[in-house]
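Undergrad: I'll drop the sequence and a predicted model, then ask my questions.
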Number of protein chains: 2
Amino acid sequence: MFGIIVSKVFSSPPFSALCNTFFFKSLSAKRAHVCFDSIVYFNSTTLLQENTSTTTMASSPKCLGKECSAPGPVPNGQIRLYSMRFCPFAQRTRLVLTAKGVKHDIININLVSKPDWFLKKNPFGTVPVLETSSGQVIYESPITCEYLDEVYPEKKLLPSDPFERAQQKMLLELYSKVIPYFYKISMGKKRGEDVSTAEAEFTEKLVQLNEALANKKTKYFGGDSITMIDYLIWPWFERAEMMGVKHCLAKTPELRKWIELMFEDPVVKATMFNTDVHKVFFDSYMDGKPNYDYGL
Amino acid sequence: MFGIIVSKVFSSPPFSALCNTFFFKSLSAKRAHVCFDSIVYFNSTTLLQENTSTTTMASSPKCLGKECSAPGPVPNGQIRLYSMRFCPFAQRTRLVLTAKGVKHDIININLVSKPDWFLKKNPFGTVPVLETSSGQVIYESPITCEYLDEVYPEKKLLPSDPFERAQQKMLLELYSKVIPYFYKISMGKKRGEDVSTAEAEFTEKLVQLNEALANKKTKYFGGDSITMIDYLIWPWFERAEMMGVKHCLAKTPELRKWIELMFEDPVVKATMFNTDVHKVFFDSYMDGKPNYDYGL
């Protein structure tokens, strides 16, 4: 498994993930108001070994905003992810890239002040976006993940059986109706609103999800090892405590077991933030001033 | 290319599409208040040859409502579609089944009075739903279409290149934001509301769709022959005149040419209704009493 960290400053990868964290931390102080369009490579094997505290992501440079020029072309033999460090949708793609050991760089985008060149790549203006060295652009998180699984044959995450693949897509469709509740409840609470109805509906939907897992009689949603659907569902459960919705899992024992197992997955550990870090970002987002570069 | 129509009354298919139309027309008069759970087979080659008037669908039995018992198991070697004759989402699956010549039967569902056994198959309660002879169930129109294309290798509709496949999925995502406008405008008009803002937004989105086609420089959205994305986009344009939104196509010459070409496609002809028929159903739907069996 090999990922990379490169910057325009240093052209000789790899540095270890830890070194790069220190590097970016010290550099970020000096460049507080400067565009930071370095490209970060990392050796993901090292990352998986070292980054076990699950407190920081090691590979994210500061976000690029409206005033920042476009990064150079994607180097041959690798793929680029346009991301935002705290975005759960983009995390889906980061999980897949990491799980499959795909050589990639990451450009983070300031989503409240998007560069024009980014909007040309994705008319929706959202992350994740993938870009290949031949200039092909792919957006929408499930599409990026499926594309990666098709193009990079190592460690297939989608099942080979068409019906099992369809099952994962149907479950994703069900889950897409669950996601809005994470925000409805957490934002409503923060605004001091009554969220009891939303909590009841959310609980009901989580019970459905729990049933899907219980009926499957396996540790994960696609079987006894992690597959694509687990990574597509995961990012919001990483944030469940921070979003104040953990109590809605009271009636979902299988789902709680799944969450525990997912927290132990090295790929999850390599892409996640802890609850405190998520909370700082979410609070800044709720205050209308998202701190995309928090922790760098 | 071979599709089927069977009923519990007649066990020896195939009848020609025309015969079946006559059969169901005469039978429906006698069975006005009786559940009609016959299964319709058709020889789709015959259908494509005979059903050129584009006025009627030849293969749809009366819909099954809450009081109707479940149909028997799906016969070996074929697949079942739960549908509603006028549903544009289910038409996507009918188009793919027909284009690929997949042996299938169709059970139409009364969507305002759904049978419990149907809700057990698809918790969303929507059509289309596919069911295999081994009891596997697949729902959500794009998932059913992709499943069919994967399981039945004849006449592949999705491109083999992963990026081209991703492009079709991204275009479908864009189009999913266009679909609500067909309803917003037509329903708003019928209610006497001011729809000028919706029309302006719709026109803008159609121009984006037109650009996608113009940039491609091909007759269809996926190339110079019809592919999956054309069938996924099509059903709403079949209804554009009936829905009173045709004038919004004024600035989209490539899209208008595409519509003309699609109307000439034998598969479209085999699955479509004409504007007058669509109008009768849509009016009944708007009046709160959808006439699912109109024309049978």
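TA: That came in fine, so what should we check first?
Undergrad: drop to CA atoms for contacts and neighbour counts, all remaining ones
TA: OK.
Undergrad: show me where pLDDT drops low in the stretch 51-200 of chain A?
TA: Filtered on pLDDT under 70, the stretch 51-200 of chain A yields the residue ranges A:51-60.
Undergrad: For it, what lies in contact range of chain B?
TA: Residues of the stretch 51-200 of chain A that fall close to chain B, judged by Cα under 8 Å from any Cα of the partner chain: A:136, A:138-140, A:143-144, A:147, A:150-151, A:162-163, A:166-167, A:169-170.
Undergrad: Looking at the residues you listed, which are in strands?
TA: Counted as lying in strands by DSSP state E, out of those, are A:Ile138, A:Tyr139.
Undergrad: Now, of the residues of the stretch 51-200 of chain A next to chain B, which are buried?
TA: A:138-140, A:143-144, A:147, A:150, A:162-163, A:166-167, A:169-170 (16 or more other Cα atoms under 10 Å in any protein chain shown).
Undergrad: For the stretch 51-200 of chain A, just list every one of the helices.
TA: Using DSSP state H, counting those that start in this stretch, the helices of the stretch 51-200 of chain A run over residues A:88-100, A:116-121, A:141-151, A:162-176, A:179-190, A:196-216.
Undergrad: Please identify which of those helices is closest to B:Leu249.
TA: For those, proximity to B:Leu249 was assessed by Cα to Cα; helix A:116-121 is nearest, at 24.4 Å.
Undergrad: How about that closest one, which residues are buried there?
TA: A:Phe118, A:Lys121.
Undergrad: Same question for stretch A:182-199.
TA: A:Phe182, A:Ile185, A:Ser186, A:Met187, A:Lys189, A:Ala198, A:Glu199.
Undergrad: neighbours around A:Gly288, how many?
TA: If you count neighbours by other Cα atoms under 10 Å in any protein chain shown, A:Gly288 ends up with 10.
Undergrad: quick one: contacts for it?
TA: Not one residue lies near A:Gly288 by Cα atoms under 8 Å, 6 or more residues apart in numbering or on different chains.
Undergrad: So it, which state does it fall into?
TA: coil (DSSP: H, G, I helix; E, B strand; the rest coil).
Undergrad: got CSV for the buried ones among the residues of the stretch 51-200 of chain A next to chain B, with distance to A:Ala212 too?
TA: Shown next, in CSV, are these (distance: Cα to Cα, whole Å):
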residue, distance to A:Ala212
A:Ile138, 30
A:Tyr139, 28
A:Glu140, 25
A:Ile143, 23
A:Thr144, 25
A:Tyr147, 26
A:Glu150, 26
A:Pro162, 18
A:Phe163, 15
A:Ala166, 14
A:Gln167, 10
A:Lys169, 13
A:Met170, 11
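Undergrad: Endpoints of stretch A:67-76, how far apart?
TA: 27 Å (Cα to Cα, to the nearest Å).
Undergrad: residues touching the residue in chain A sticking out farthest from the centre, list them.
TA: The centre of chain A is farthest from one residue, A:Asp194, which by Cα atoms, centre = their mean lies 29.8 Å away. Residues in contact with A:Asp194 (Cα under 8 Å, 6+ apart) are A:Gly188.
Undergrad: how close does it get to B:Gly125?
TA: Distance of A:Asp194 to B:Gly125, computed by Cα to Cα: 30 Å.
Undergrad: quick revisit: most widely separated two among the buried residues of stretch A:182-199?
TA: Greatest spatial distance among the buried residues of stretch A:182-199 (Cα to Cα): A:Met187 and A:Glu199, at 12.2 Å.
Undergrad: okay, now the nearest residue to A:Leu158 once chain neighbours are set aside: neighbour count?
TA: Take A:Leu158 and drop its neighbours on the chain: the residue closest to it by Cα to Cα, 6 or more residues apart in numbering or on different chains is A:Met228, 5.4 Å away. A:Met228 has 24 neighbouring residues, counting by other Cα under 10 Å.
Undergrad: I'd guessed A:Met228 sits against A:Ser160; true?
TA: No: using Cα atoms under 8 Å, A:Met228 makes no contact with A:Ser160, being 11.7 Å away.
Undergrad: Out of the buried residues of stretch A:182-199, flag the one nearest to chain B.
TA: Taking Cα to the nearest Cα as the measure, chain B lies nearest A:Ala198 of these, at 19.0 Å.
Undergrad: show me what contacts the closest one?
TA: Taking Cα under 8 Å, 6+ apart, one finds A:Tyr181, A:Lys184, A:Ile185 in contact with A:Ala198.
Undergrad: can you rerun that using 6 Å?
TA: By Cα atoms under 6 Å, 6 or more residues apart in numbering or on different chains, the contact list for A:Ala198 is empty.
Undergrad: Equivalent analysis for A:Ile107, please.
TA: A:Ile107 touches A:Tyr82, counting by Cα under 6 Å, 6+ apart.
Undergrad: Run through the bridge partners of it.
TA: A:Tyr82 (DSSP bridges).
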